[in-house]
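Q: Next come a sequence and a model predicted from it.
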Amino acid sequence: MLSDNEVKFNIIYKKYRSYVRGICRKYTNDPEVLDDYMSEAFTRVYKNIDKVNLDCCKTYISLMTKSSCIDCIRKEKKRKNDTRLDDLYTCDEPTYEPPVESENTESYVKGLISDLENPYRDIFIMFAIEGLRHKEIAEKLNMNINTVRCNYMKARTMLADRITAEKRFNAIEVLA
């Protein structure tokens, strides 16, 4: 015998299955991922079935679906980033370490920073070198604070990618 909550969930599932699929499809075209997103969305609906009113639940289900899809995407990005970092540190390739000479290292880093495009370069210098806070940078550059944060993270990522790419390129030169 099904409980009231299970009956309620079955009604919602049958009625809104294609609607939820349509929302999830906006976030992915991969059929396997789509099924995962739908499962996660309906799991959330089931966990909160007491809050659902059958007469007016379409908006609630829509919000639950969107937030579960976004959470799934965030988890996937985090998992990919963790995997990528693990791959970098556990690779069998020999690693290249440039000689540790403070003048060469400093000029190398300054060169990488100067190669960044604006506004990434300015924001990176203000935050990482001058020690200004994001809010202060936003006021100086007349930008939104979230834009400043995003551009700083992009600058950091670009620098890290360039350093990693150069290490790999130099390692290949050493091996050749």
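A: Done, it's in. Nothing here was measured: the structure is a model prediction, and the numbers come from that model.
Q: So Asp122 versus Ala138, what's the distance?
A: Relative to Ala138, Asp122 is positioned 12 Å away (C-beta to C-beta, to the nearest Å). Just so you know, the C-beta spots here come from the backbone N, C-alpha and C atoms, and that holds for glycine as well.
Q: low-confidence ranges in the chain?
A: In the predicted model, the chain carries pLDDT under 70 at residues 81-104, 167-176.
Q: show me where it has strands.
A: Across the chain, reading from the start of the chain, there are no strands by DSSP state E.
Q: tell me the domain boundaries of it?
A: Structural domains of the chain, as assigned by automatic domain parsing, span the residue ranges 4-89, 102-175.
Q: Give the full set of residues in contact with the residue positioned nearest the centre of the chain.
A: The chain has Lys77 as the residue nearest its centroid, 4.8 Å off, counting by C-alpha atoms, centre = their mean. With contact taken as C-beta atoms under 8 Å, 6 or more residues apart in numbering, Lys77 is in contact with no other residue.
Q: and Ile73, how many neighbours does it have?
A: 14 (other C-beta atoms under 10 Å).
Q: Look up the closest residue to it, ignoring the ones flanking it.
A: Setting aside the residues directly before and after it, Ile73 is nearest to Tyr27 in space (C-beta to C-beta, 6 or more residues apart in numbering), at 6.5 Å.
Q: My guess is the one you found contacts Asp36. True?
A: No: at 10.7 Å, Tyr27 does not count as touching Asp36 under the criterion of C-beta atoms under 8 Å.
Q: Give me the common contacts of the two.
A: Between them, Tyr27 and Asp36 share the contacting residues Cys72, judged by C-beta under 8 Å, 6+ apart.
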